[in-house]
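J.: Below are the sequence and a predicted model; questions follow.
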Amino acid sequence: MTYYGPKELAASFRTVRNNTLTIAQEIPEDKYSFSPAPGCRTVAQTLVHIAVACRLQQHLHWEGHISDLSKFDFLSFIGKQLAEEQVPRTKAQIIEMLKSEGDKFEKQLAGLSESLLAEQVTYPPGMTPPVKSRFEMIMAVKEHEMHHRGQLMTIERMLGIKPHLTRQMEERIQAMQSVAKA
């Protein structure tokens, strides 16, 4: 990997996590129990889900160094993570969890070797693609978090909160308009 290695992976993960933390801080604690529809996670459950999502990749790639996923018990692992989402926590506890899990994952990412990232992992029969690199799988943590962060930004709108990324873009546009007028 010439242009995007462990340090870039860690830095991009940190950017994503910092944006998630900003959203977690901006949503009032009394709205952490809000769910946009029946059967959907609450704000609190979504944030905990984001916080613990990196544990699967940590287990697969550096704790277990698993190369054949047909031998891995996904249901058991995911069941533990889903149970963790149900544990009542305060806003401060959830934010601390996002920070500590994020810090740990970022450090691990920065210390990975390019050879480990290039290793191939075999998926169970019938899955497409049948093989992925560890890099692709680890990158999925960031993509997964961004998916749920999009949900949280929609929830912010439902709660009457303008997302920070929207506010920042509006400020940049206003600055450009001011320069253009001058």
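T.: Cool, the structure landed. Residues are numbered from 1 along each chain as shown.

J.: What's the first helix or strand after the helix or strand harbouring Val48?
T.: Here Val48, judged by DSSP states H and E, is contained in helix 43-57. Proceeding N to C from helix 43-57, the next assigned helix or strand is helix 74-85, under DSSP H and E.

J.: What helices and strands are in contact with that following helix?
T.: Using 3 or more Cβ pairs under 8 Å, 6 or more residues apart in numbering; DSSP states H and E as the contact definition, the elements that helix 74-85 packs against are helix 43-57. Bear in mind the C-beta positions are built from the backbone N, C-alpha and C, glycine included.

J.: got any ranges where the chain has weak pLDDT?
T.: Counting by pLDDT under 70, the chain has low-confidence residues at 1-2.

J.: Swap in 90 and give it another go.
T.: Counting by pLDDT under 90, the low-confidence segments of the chain come to 1-5, 71, 182.

J.: tilt between the longest helix seen in it and helix 43-57?
T.: Using DSSP state H, we find that the single longest helix of the chain is helix 134-158. Using axes from the mean of the first three to the mean of the last three Cα atoms, to 10 degrees, the inter-axis angle of helix 134-158 relative to helix 43-57 is 180 degrees.

J.: C-alpha coordinates for the helix or strand that helix 134-158 is followed by, PDB please?
T.: Reading on from helix 134-158 to the C-terminus, the next helix or strand found by DSSP H and E is helix 164-181. Once side chains and other backbone atoms are set aside, the C-alpha atoms of helix 164-181 remain, and they are given as PDB (Å, rounded to 0.1, in the frame of the first residue of the first chain):
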ATOM      1  CA  HIS A 164     -22.500  20.500  13.100                       C
ATOM      2  CA  LEU A 165     -21.300  19.400   9.600                       C
ATOM      3  CA  THR A 166     -24.200  21.400   8.100                       C
ATOM      4  CA  ARG A 167     -23.400  24.400  10.200                       C
ATOM      5  CA  GLN A 168     -19.700  24.200   9.200                       C
ATOM      6  CA  MET A 169     -20.600  24.000   5.500                       C
ATOM      7  CA  GLU A 170     -22.900  27.000   5.800                       C
ATOM      8  CA  GLU A 171     -20.100  29.000   7.500                       C
ATOM      9  CA  ARG A 172     -17.700  28.100   4.600                       C
ATOM     10  CA  ILE A 173     -20.300  29.200   2.000                       C
ATOM     11  CA  GLN A 174     -20.900  32.500   3.800                       C
ATOM     12  CA  ALA A 175     -17.100  33.100   4.000                       C
ATOM     13  CA  MET A 176     -16.800  32.400   0.300                       C
ATOM     14  CA  GLN A 177     -19.700  34.700  -0.500                       C
ATOM     15  CA  SER A 178     -18.200  37.500   1.600                       C
ATOM     16  CA  VAL A 179     -14.900  37.100  -0.200                       C
ATOM     17  CA  ALA A 180     -16.600  37.200  -3.600                       C
ATOM     18  CA  LYS A 181     -18.500  40.400  -2.700                       C
END
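
J.: Sounds good, over and out.
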